[in-house]
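Engineer: fold the following.
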Amino acid sequence: MAEPFVNEKTKKWDFVFGYYDETGKRRQIRRKGFKTKREANNKMIELQNDVKNKEYIRKDNTTLNEFMDYWLDNIRIHECGETTLYNNKLYFKNHIKPKFGKIKLQNFDLLKCQNFVNELHKKNFARNTIDRITTMVKKVFDKAIEYGFIKENPMRKVTLPKRIKKKCLFGRWSK
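Structural biologist: Model (predicted):
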């Protein structure tokens with residue numbers, strides 16, 4: 001049974017435990033820098049349960065840029081028509097890549113995604129455009145979950161801005 005230990009150099013608690021992955025290869029999980037033994041032990045038990053329940057996601061350096069390129073070229077191309085694919089590539093190139101391209105898939109959280117949607121809204125993008133961009137990113141994250149890169153989709157919890165209804169005043173449409 002693995003047990004947390006004190007690192008002599010840092011005087012903090014670390015742990016290491018081994019398991020066999022789905023291919024039968026032996027792997028180790030190491031975590032360092034816990035202030036207390038209880039904190040280290042709780043995290044170790046959580047990770048052991050994830051491994052046991054096949055929910056553990058190994059650390060990976062794949063960025064959103066890399067995965068979205070793969071998704072557009074190998075998956076999305078079979079799901080939609082030419083025009084939709086062209087528009088998806090434009091949304092990616094013009095809006096998603098400059099903001100999120102270099103961020104690792106595993107580093108995304110609700111805060112980053114919500115800030116992205118808020119920025120689009122502040123730049124006065126139409127609600128329909130924001131919907132299309134967020135739907136596309138949701139689909140990418142859903143596929144990343146299927147491929148085992150991440151556990152949950154942070155874009156699913158994002159609150160979209162309220163739609164502004166336009167009114168007709170004396171034959172002219174206005175906001």
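Engineer: isn't Lys35 right next to Lys12, touching?
Structural biologist: Yes: in this structure, Lys35 is within contact of Lys12 by Cβ atoms under 8 Å, at 6.7 Å. The C-beta positions use only the backbone N, C-alpha and C, and glycine is treated the same way.
Engineer: neighbour-wise, which of those two wins?
Structural biologist: Applying other Cβ atoms under 10 Å to Lys35 and Lys12 shows that Lys12 carries more neighbours, namely 15 against 10.
Engineer: isn't the more buried one up against Lys37?
Structural biologist: No: with contact defined as Cβ under 8 Å, Lys12 does not count as touching Lys37 (10.3 Å).
Engineer: what about Arg31, which SS state?
Structural biologist: Secondary structure assignment for Arg31 (DSSP: H, G, I helix; E, B strand; the rest coil): strand.
Engineer: now do the contacts for it.
Structural biologist: Taking Cβ atoms under 8 Å, 6 or more residues apart in numbering as the criterion, Arg31 is in contact with Asp14, Phe15, Ala40, Lys43, Met44, Leu47.
Engineer: tell me which of those residues fall in strands.
Structural biologist: With strands identified by DSSP state E, the entries of these that belong to them are Asp14, Phe15.
Engineer: show the buried residues in the contacts of Arg31.
Structural biologist: Among these, those scoring as buried are Asp14, Phe15, Ala40, Lys43, Met44, Leu47 (criterion: 16 or more other Cβ atoms under 10 Å).
Engineer: now Asp142. Nearest residue, chain neighbours left out?
Structural biologist: Counting by Cβ to Cβ, 6 or more residues apart in numbering, Asn153 is the residue found nearest to Asp142 once chain neighbours are left out, at 5.8 Å.
Engineer: if you could redo that for Glu3, that was the one I meant.
Structural biologist: Residue nearest to Glu3 in three dimensions, not counting chain neighbours: Phe15, with 7.2 Å by Cβ to Cβ, 6+ apart.
Engineer: what sits opposite that neighbour in the beta ladder?
Structural biologist: Partner residues in beta bridges with Phe15: Arg31, with DSSP bridges as the criterion.
Engineer: and it, what pLDDT?
Structural biologist: pLDDT recorded at Phe15 is 89.
Engineer: quick revisit: contacting residues around the residue nearest to Asp142?
Structural biologist: Under the criterion of Cβ under 8 Å, 6+ apart, the contact partners of Asn153 comprise Lys138, Phe141, Asp142, Ile145.
Engineer: and the closest residue in space to Lys32 that isn't next to it in sequence, how far from Arg38?
Structural biologist: Nearest in space to Lys32, with sequence neighbours left out and distances taken as Cβ to Cβ, 6+ apart, is Asp14 at 4.5 Å. Note on Asp14: its distance to Arg38, by Cβ to Cβ, to the nearest Å, is 14 Å.
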